[in-house]
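Undergrad: no sequence on this one, just coordinates:
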C-alpha cells in the first residue's frame with residue numbers, strides 16, 4: 001500500500017474523472033435497455049453524448065492544462081495527471097465506440113421497424129435526390145461560405161462544437177489558383193435533422209442528416225473544380241471561464257466579455273468521419289495542436305446530441321414514457337385560498353416532479369400581486385429563459401415592492417441566460433446583486449415579507465433544486481414552504497450576508513457553506529461514531545449527486561469501522577470505496593437512475609432515536625463546502641421527516657430495477673430482481689403514490 005497523503009491512503013479512493021465516466025456509462029446502459037421505450041432510449045443516447053461533451057469541455061480541458069504545465073495531481077487517489085490522461089483516452093474511446101455501435105446496430109434498425117427512417121445518401125432515389133438538391137439550393141447554399149486555404153486565407157478559427165467540413169479539391173478556381181483544401185462551416189442556425197416530404201419518403205417520419213445533404217452537394221460550392229473528398233469534423237474546446245473577480249470592477253461586464261471567448265478555448269478533442277484519410281486527420285491535428293489520441297473517428301453524425309431533435313419531430317406516444325399528471329395539492333389545508341394561509345396551517349413539503357412546481361410559482365406570483373407584501377428576496381442559479389417566476393419578480397418590482405435577486409452569473413453554461421434575466425430585472429427596478437466575490441451562490445431560497453395583523457411576517461421557500469419550471473418536470477427535488485419564525489429569521493440573516501457586509505451571524509437551524517456546513521457534517525458523523533462505540537444503534541443515510549470531499553470520506557470510513565451502518569445513494573461521482581476490508585465494510589453505495597434525473601441532496605442521522613434530517617443544495621464536494629454559498633435546511637415536522645425518509649431512502653434502497661451497486665474495485669453492477677422478487681422501481685412507485 002502506498003504511503004498516506006494528508007492522512008489518506010490513495011488506494012481508498014476512486015478517481016473523480018473515472019467515476020464521472022462510469023456515471024456516463026450508466027446513462028448509456030439506459031439507452032441499451034430494451035425495456036425502456038424506444039424514443040427514450042434515443043434520448044438517453046443523446047444525453048450520454050451531451051455529458052461527454054461537457055466532460056471534455058471542463059474536466060479534460062482542465063487536465064490538459066495541468067499536464068501542459070507539468071503540475072502534479074492534487075487528488076487523494078494518487079493517480080498522476082499523465083496516468084489519468086492515458087486512462088481517460090482508453091475509456092472515452094471505448095465509450096464512443098459503444099455509443100455509435102448502439103446507434104447504428106440497434107437503435108436505427110429498431111426505429112426503422114417502427115417506420116422511423118434515417119435515409120442515407122447512398123440509398124436516395126431520384127425523387128428524393130431531386131428534392132434534396134432543391135433544398136440545398138434554397139435553404140443551405142445562401143448561408144454557406146466556403147474558405148479555400150492559401151496564404152491569404154489561413155485555416156479559420158473553428159467554433160467550439162460546430163459542424164465543419166474538410167473538402168479536398170483538384171483544379172483551379174476563377175482566379176487561376178490551384179487550391180487543394182477548403183473548409184466549409186455549417187452555421188449553427190441550420191437544422192441538423194431535416195424531415196423528408198411524406199410523398200417521396202418511406203413514411204411521414206423520414207429524416208436526412210444535414211451532413212448527408214452537404215456531403216452530397218458540396219461540389220456546387222466549387223464550380224469548375226473537382227471534389228475528391230468531403231469529411232465532417234467537430235472540435236471540442238476547453239470551455240471553462242476565467243474571470244479574476246478580485247481584479248474586475250464590474251462582474252457583469254467581465255462575464256459578458258468572457259462569454260465571447262468560450263467558443264475559442266484550447267482544443268481538447270477532434271471528432272471526424274470514420275472514412276477521413278489519415279493525411280487529412282493529421283492535417284487537422286496539426287491545425288489544432290492535438291495528437292492522434294485526441295481524435296475520435298465515428299460512423300455517423302459527429303454530434304449525436306443533435307438527434308434529440310427527433311424526439312420533438314416524431315409524435316409517437318407509444319414509444320415514449322407514459323404521460324403523468326403532477327399532483328397540484330399544496331399542504332393539508334386544501335380549502336385555504338392562498339399560499340400564505342396554507343403555510344400558516346403547517347409546513348409544506350413538495351417532492352418534484354411527482355408533485356407540481358406550480359405552488360412555488362403561485363407563491364411568488366401571489367407575493368408579487370398581494371398589496372400586503374412588502375419585499376421578495378430570492379437566489380437565482382438557473383431559471384430558464386422566459387421564466388414565469390422572473391416575470392412575477394419584475395411585476396413586483398414595477399409595483400414598488402422591494403425585490404432583491406441574488407443572481408449567480410457564473411452558473412456553468414447558463415451564464416448568458418443569467419445575464420439576460422439580470423437585465424430584465426434591472427429594467428423593472430429590481431435590485432440585482434451577484435453574490436459574494438470568490439463564492440458561487442448555489443443556495444436555493446426565496447423570502448417574502450408580508451404585513452399582517454400584529455406586524456411583519458416572513459414566509460420562505462427552500463429547495464434542493466433550482467427555480468426552473470422546465471427541470472422541475474425532469475429532476476427530482478425536495479422543497480419546503482414554511483413560515484416557521486426560527487427558519488425564516490435564518491433566511492433573513494443569510495440574505496443580509498449575501499447582499500451586505502459583516503460576519504456570519506448565528507443561526508437557529510440552517511447550516512451554511514462555506515461557514516458551518518462542512519464542520520456540522522463532520523460533527524454529526526462523529527456523534528454517530530460515539531453512539532456506536534457506546535453500543536447504541538447508529539445509522540447514517542445520505543443522498544446526493546456527488547461524493548468527493550476527502551475529509552468527509554475519511555470520517556465515513558472511521559464511522560464504518562466503529563460499527564455505524566451507512567447507506568449512500570450517489571447518482572454520479574463517488575470517490576469513496578465501499579466494502580473495503582478494515583476500511584468501509586459497513587458502507588453501501590448505490591446509484592439510482594431512470595426516467596427522472598435524481599437531484600436532491602438529503603442527509604439523515606439516526607442520533608440515538610432523535611432523528612435529524614436535512615435537505616440541501618450541496619453535494620459533498622470541496623467546491624460545495626468551501627467555494628460556494630449553500631444551504632441545508634432541517635425537516636422539523638415529524639410527519640414530513642418520515643415522508644422524506646421513506647421517499648428519499650427506504651424506497652430507493654429497495655429498488656432492484658434501476659439501481660447500480662458500487663463495489664470496492666470501483667465497478668458498478670446493475671441490480672436485477674431474483675426469480676422470487678417483484679420488480680421494484682422507486683421512481684415508478686413514487687409516480688403511482690404521489691402523482692395523479
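TA: Perfect, thanks for sending it. Not measured: the values here are computed from a predicted model. Residues are numbered from 1 along each chain as shown.
Undergrad: Contacts only, for residue 473.
TA: 326, 352, 353, 357 (CB atoms under 8 Å, 6 or more residues apart in numbering). From N, CA and C alone the C-beta is placed, and that goes for glycine too.
Undergrad: Now, those residues that are in helices?
TA: Using DSSP state H, no member of the contacts of residue 473 falls in helices.
Undergrad: which one of those residues is nearest residue 135?
TA: Nearest to residue 135 out of the contacts of residue 473 is residue 353 (CB to CB; 38.9 Å).
Undergrad: which residue sits closest to that closest one, ignoring its sequence neighbours?
TA: Sequence neighbours aside, residue 473 is the residue nearest to residue 353 in space, at 4.9 Å (criterion: CB to CB, 6 or more residues apart in numbering).
Undergrad: What residue spans form the domains of the protein?
TA: Using automatic domain parsing, the domains assigned to the chain come out as 10-319, 339-507, 512-690.
Undergrad: Please produce JSON lines containing these, extended by mean pLDDT.
TA: What follows is these, written out as JSON lines (pLDDT from 0 to 100):
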{"stretch": "domain 10-319", "mean pLDDT": "88"}
{"stretch": "domain 339-507", "mean pLDDT": "90"}
{"stretch": "domain 512-690", "mean pLDDT": "96"}
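Undergrad: The stretch 351-500 of the chain: helices as residue ranges?
TA: For the stretch 351-500 of the chain, helices defined by DSSP state H, counting those that start in this stretch occupy the ranges 358-369, 388-398, 415-427, 485-499.
Undergrad: Residues contacting the second one, please?
TA: By CB under 8 Å, 6+ apart, the list of residues contacting helix 388-398 from outside reads 360-361, 364-365, 367-369, 373, 376, 378, 380, 383, 403, 405, 421, 424-425, 427-430, 467, 469.
Undergrad: Kindly calculate the angle that it makes with helix 358-369.
TA: Relative orientation of helix 388-398 versus helix 358-369 (axes from the mean of the first three to the mean of the last three CA atoms, to 10 degrees): 10 degrees.
Undergrad: now helix 388-398, how far from the centre of its chain.
TA: 27 Å (CA atoms, centre = their mean, to the nearest Å).
Undergrad: Excluding chain neighbours, what is closest to residue 60?
TA: residue 268 (5.1 Å).
Undergrad: how many neighbours does that neighbour have?
TA: 25 (other CB atoms under 10 Å).
Undergrad: quick one: secondary structure of it?
TA: strand (DSSP: H, G, I helix; E, B strand; the rest coil).
Undergrad: unless I'm mixing things up, it is touching residue 67, no?
TA: No - the criterion here is CB atoms under 8 Å, and residue 268 misses it with residue 67 at 11.2 Å.
Undergrad: Residues contacting the helix or strand where residue 212 lies from elsewhere in the structure, which ones?
TA: Applying DSSP states H and E as the criterion places residue 212 in helix 210-217. The contact list for helix 210-217, computed with CB under 8 Å, 6+ apart, reads 119-121, 124, 129, 132-133, 135-136, 140, 144, 163, 165, 184, 186, 190-194, 230, 232, 301-302.
Undergrad: Determine the next helix or strand in the C-terminal direction from it.
TA: Taking DSSP H and E, what comes next after helix 210-217 is strand 226-237.
Undergrad: list the buried ones in that following strand?
TA: Across strand 226-237, burial judged by 16 or more other CB atoms under 10 Å covers 227, 229, 230, 231, 232, 233, 234, 235, 236, 237.
Undergrad: if we can go back for a sec, I'd like to know how far the residue nearest to residue 353 sits from residue 684.
TA: 16 Å (CB to CB, to the nearest Å).
Undergrad: Next: residue 557.
TA: For residue 557, the distance to residue 684 equals 34 Å [CB to CB].
Undergrad: which of the two has more neighbours?
TA: Each of residue 557 and residue 684 has its neighbours counted (other CB under 10 Å); residue 557 has more, 23 against 16.
Undergrad: and the more buried one, what element?
TA: helix 550-562.
Undergrad: my guess is residue 20 meets residue 55, correct?
TA: Yes - counting by CB under 8 Å, residue 20 does reach residue 55; the two are 6.3 Å apart.
Undergrad: all strands of the stretch 551-692 of the chain, in order?
TA: 565-570, 587-592, 597-598, 601-605, 612-616, 628-634, 659-662, 668-670 (DSSP state E, counting those that start in this stretch).
Undergrad: Tell me which of those sits nearest to residue 90.
TA: Nearest of these to residue 90, taken as CB to CB: strand 668-670 at 17.8 Å.
Undergrad: Go through the closest one and flag the buried ones.
TA: Those buried within strand 668-670 under the rule 16+ other CB under 10 Å are 668, 670.
Undergrad: name the helices or strands packed onto it?
TA: Taking 3 or more CB pairs under 8 Å, 6 or more residues apart in numbering; DSSP states H and E as contact, the helices and strands that strand 668-670 lies on are helix 16-32, strand 659-662.
Undergrad: Make TSV out of these and add mean neighbour count.
TA: Output for the helices and strands packed on strand 668-670, formatted as TSV (neighbours: other CB atoms under 10 Å):
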stretch	mean neighbour count
helix 16-32	20
strand 659-662	21
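Undergrad: Distance to residue 219 added to the ones you listed, as a markdown table?
TA: Shown next, in a markdown table, are the helices and strands packed on strand 668-670 (distance: least, CB to CB, whole Å):
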| stretch | distance to residue 219 |
| --- | --- |
| helix 16-32 | 36 |
| strand 659-662 | 49 |
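Undergrad: looking at the ones you listed, which is closest to residue 628?
TA: That would be helix 16-32 among these, by CB to CB, at 17.0 Å.
Undergrad: Quick one: residues in contact with the closest one.
TA: With CB under 8 Å, 6+ apart as the test, helix 16-32 has contacts from 36, 41-42, 44-45, 47-48, 51-52, 55, 59, 63, 75, 77, 84, 87-88, 91-92, 95, 98-99, 102, 106-107, 548, 571-575, 591, 593-594, 660, 666-668, 670.
Undergrad: So residue 679 is in contact with residue 671, correct?
TA: No - taking CB under 8 Å as the definition, residue 679 is not a contact partner of residue 671, at 10.4 Å.
Undergrad: neighbour-wise, which of these two wins?
TA: residue 671 (16 against 12).
Undergrad: just checking, the more buried one touches residue 652?
TA: No - Residue 671 lies out of contact with residue 652 (CB under 8 Å); the separation is 11.6 Å.
Undergrad: For the two, list the residues in contact with both.
TA: 590, 659.
Undergrad: Distance of residue 356 relative to residue 691?
TA: From residue 356 to residue 691 the distance is 9 Å (CB to CB).
Undergrad: With residue 300 instead?
TA: Taking CB to CB, one finds residue 300 at 37 Å from residue 691.
Undergrad: can you check residue 625 too?
TA: Counting by CB to CB, the separation of residue 625 from residue 691 is 34 Å.
Undergrad: Not counting sequence-adjacent ones, nearest residue to residue 511?
TA: Residue 511 sits nearest to residue 632 (CB to CB, 6+ apart), 4.1 Å away.
Undergrad: Burial check on the one you found, number of neighbours?
TA: Neighbours of residue 632 using other CB under 10 Å come to 24.
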